[in-house]
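Asks: Need a 3D model of the sequence below.
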Amino acid sequence: MHNLKSHIFNQYKVISLLSASMLLSIFLLMVRIKITHTYFFIFLVWNLFLAVIPYAITIYLKSREKTNKFQLAIAFSIWLLFLPNAPYIITDLIHLKISENPFFWLDVLLVTSFAYNGLMLFFLSMVDIKKLLQNYFSKNKVSYLMHAILLLTAFGIYLGRFLRYNSWDILQHPSILFKDILHMVIQPNQHLEVWLFTFTFGCFLAISFRMFQVFQKTGNS
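Replies: From the prediction side, this is the model:
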């Protein structure tokens, strides 16, 4: 617990800015509720909470003095399961097409704000997991794994947005989930949209993450 507190303190600037940004998102939501008298975008709060989970996991892992490979594998699996929830919020922009708010710009700002926070949580968590994995594997292996994670994340986002699966379904409805995934893998020609989305969104995440890393290094130099 002491190591966790120390690590959070060392990351105080990042965590405080991130917290301020998330509070701004919630404030914008409250303003919209006040103006429209509806709770249409209230689900964004839950989505943001889910987006925090993978970052919380990597913060905890980094605070541990020693984690063996078995413990890391278990934590990594849980982390990967929740990871798509972070950039998933970007796809909530789809709800703008049914917005009836006369202040449409507010809805755009609101959803973009939540999506931005989800993306930042995703990047920060990815940076942390990369550093953790490099303690156990070579840089080349970690590099390949990171690219695989980006594609798996994009695929997970598709499952959540279009097939309406969530992170809990791997425990609640594993047979149905794996049956659908197997069908998409075995018959890719019948699911071109799945792989087009996975590839394009994966490329978007890969380029964005690379930019984040470069900007981070530039800021530290």
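Asks: mind listing what residue 131 touches?
Replies: residue 62 (CB atoms under 8 Å, 6 or more residues apart in numbering). C-beta here means a position set from N, CA and C on the backbone, and glycine is covered the same way.
Asks: ok, now how distant is residue 54 from residue 122?
Replies: From residue 54 across to residue 122, the span is 7 Å (CB to CB, to the nearest Å).
Asks: who touches both of those two?
Replies: 83, 86.
Asks: so the residue sitting furthest away from the middle of the chain, which of the three states?
Replies: No residue in the chain sits farther from the centre than residue 102, which is 30.3 Å out by CA atoms, centre = their mean. Taking DSSP: H, G, I helix; E, B strand; the rest coil as the rule, one finds residue 102 in the coil state.
Asks: Could you tell me how far it is located from residue 150?
Replies: For residue 102 relative to residue 150 (CB to CB), the value is 39 Å.
Asks: Please apply the same query to residue 23.
Replies: Distance, residue 23 to residue 150, by CB to CB: 29 Å.
Asks: higher neighbour count, those two?
Replies: More crowded of residue 23 and residue 150, by other CB atoms under 10 Å: residue 150, with 24 against 11.
Asks: Just the buried positions in whatever helix or strand residue 57 lives in, please.
Replies: Using DSSP states H and E, residue 57 falls within helix 43-63. Residues 44, 47-48, 50-55, 57-63 are the ones in helix 43-63 that count as buried (16 or more other CB atoms under 10 Å).
Asks: tally of neighbours for residue 196?
Replies: The burial count for residue 196: 11, using other CB under 10 Å.
Asks: Please report how far the residue nearest the centre of the chain lies from residue 140.
Replies: Note on the chain: the residue nearest the mean C-alpha position is residue 86, at 1.9 Å, using CA atoms, centre = their mean. With the distance defined as CB to CB, residue 86 ends up 26 Å from residue 140.
Asks: Residue 15 now?
Replies: 31 Å.
Asks: quick one on the thing from earlier: who's in contact with the residue nearest to the centre of the chain?
Replies: 50-51, 54-55, 118-119, 121-122, 125.
Asks: Residue 78 and residue 57 touch, don't they?
Replies: Yes: using CB atoms under 8 Å, residue 78 is in contact with residue 57, at 6.5 Å.
Asks: the bottom helix or strand of this protein by mean pLDDT?
Replies: helix 2-10 (a mean of 62; mean pLDDT, DSSP states H and E).
Asks: got the buried residues for stretch 151-161?
Replies: 151, 153-161.
Asks: what stretches of the protein score poorly on pLDDT?
Replies: Within the chain, the stretches with pLDDT under 70 are 1-10, 221.
Asks: rerun that using 50 as the cut-off
Replies: Along the chain, the model assigns pLDDT under 50 to no residue.
Asks: So which residues of it form strands?
Replies: Counting by DSSP state E, the chain has no strands to list.
Asks: Do you have the helices of it handy? List them.
Replies: Counting by DSSP state H, the chain has helices at residues 2-10, 12-36, 43-63, 69-82, 85-88, 104-133, 139-161, 169-172, 174-186, 192-220.
Asks: related to what we said a few turns ago, widest-spaced pair of the contacts of residue 86?
Replies: Pairwise distances across those (CB to CB) peak at 13.8 Å, for the pair 50 and 119.
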